[in-house]
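S.K.: Fold the following and give me the result.
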Amino acid sequence: MPNVVKIEGFLLKKHRLSGQDTVTVIFTKEQGKISAYAKGVKKITSRRSPHLQTGNLLIITLDSKGTAQYVQQTTLVSAFGQLKQNVRKVEMLYFFLFLIDRLVPEGVPEPQLYNMTKQFIIELNKAPIFTRSEILPYMQEILLILGFSRDRRSFNETVQLIEEIIHEKLPLSII
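M.R.: The predicted structure is shown next:
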């Protein structure tokens, strides 16, 4: 892999480190789920800080040093502003990103799943309301793409299967 790459991805989550640094988890089409350090991003003068919000679609310039990757620059493609004005939609977005984070292994490209994620977030952004029944086909598609299941199940059966796979309870209270 070249030292510096420019890549599109969704910010799944971030972890604050001591000082001014953050570890970001990004879901990309080409590299799958990756972790990258964002040095100095908590400084008030950081130009990357406003972009690095969960659920944002970004163009990210990454620099690789050994096995670590570092966020050099970010360009905001979309913050999905309409979505983030609705608490219920934000909860759905966080639930979906939680699923992607827990089910997708790091460093494994999943272009079909990336495209489906993009479609889901765009649809969620445009929809006036979004319910459990509307997220269920996406949950089932995640399991199908990743090879965990070949059949369609009820919402409760799908939740139970995911919980068995990730060995933890899903935060269903948010959806």
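S.K.: C-alpha from now on. contacts and neighbour counts both.
M.R.: Noted.
S.K.: Show the average pLDDT along stretch 16-34.
M.R.: Taken as a whole, stretch 16-34 has a mean pLDDT of 89.
S.K.: Also stretch 112-122?
M.R.: On average, stretch 112-122 scores 96.
S.K.: Please parse the protein into its domains.
M.R.: For the chain, automatic domain parsing gives the domain ranges 4-78, 83-174.
S.K.: Where does the prediction get shaky in this structure?
M.R.: 1-2, 40-51, 174-175 (pLDDT under 70).
S.K.: ok, Asp63 - contacts?
M.R.: Neighbouring residues of Asp63 by Cα atoms under 8 Å, 6 or more residues apart in numbering: 3-5, 69-72.
S.K.: Can you say which of these are buried?
M.R.: 69-72 (16 or more other Cα atoms under 10 Å).
S.K.: Tell me the one of those nearest Leu12?
M.R.: Closest to Leu12 out of the buried ones among the contacts of Asp63 is Val71 (14.5 Å), distances taken as Cα to Cα.
S.K.: Look at that closest one and give its secondary structure.
M.R.: Of the three states, Val71 takes strand according to DSSP: H, G, I helix; E, B strand; the rest coil.
S.K.: from memory it sits against Tyr37, does it?
M.R.: Yes. Between Val71 and Tyr37 there is a contact under Cα atoms under 8 Å: 6.0 Å.
S.K.: what ranges do the strands span in this protein?
M.R.: 4-16, 22-28, 32-38, 57-65, 68-78 (DSSP state E).
S.K.: The fourth one vs strand 22-28, what angle?
M.R.: Orientation check (axes from the mean of the first three to the mean of the last three Cα atoms, to 10 degrees): strand 57-65 against strand 22-28 gives 110 degrees.
S.K.: Mind listing what's buried along strand 57-65?
M.R.: 57-63.
S.K.: the helices in the protein, which residues?
M.R.: Using DSSP state H, the helices of the chain run over residues 87-103, 111-126, 132-145, 155-166.
S.K.: Same list (those) but as CSV, adding mean neighbour count and distance to Thr24.
M.R.: Listed next are the helices of the chain as CSV, based on neighbours: other Cα atoms under 10 Å; distance: least, Cα to Cα, whole Å:
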stretch, mean neighbour count, distance to Thr24
helix 87-103, 18, 12
helix 111-126, 17, 17
helix 132-145, 17, 22
helix 155-166, 14, 21
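S.K.: Please produce JSON lines containing these, extended by distance to Leu11.
M.R.: Formatted as JSON lines, the entries for these read as follows, by distance: least, Cα to Cα, whole Å:
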{"stretch": "helix 87-103", "distance to Leu11": "9"}
{"stretch": "helix 111-126", "distance to Leu11": "12"}
{"stretch": "helix 132-145", "distance to Leu11": "18"}
{"stretch": "helix 155-166", "distance to Leu11": "20"}
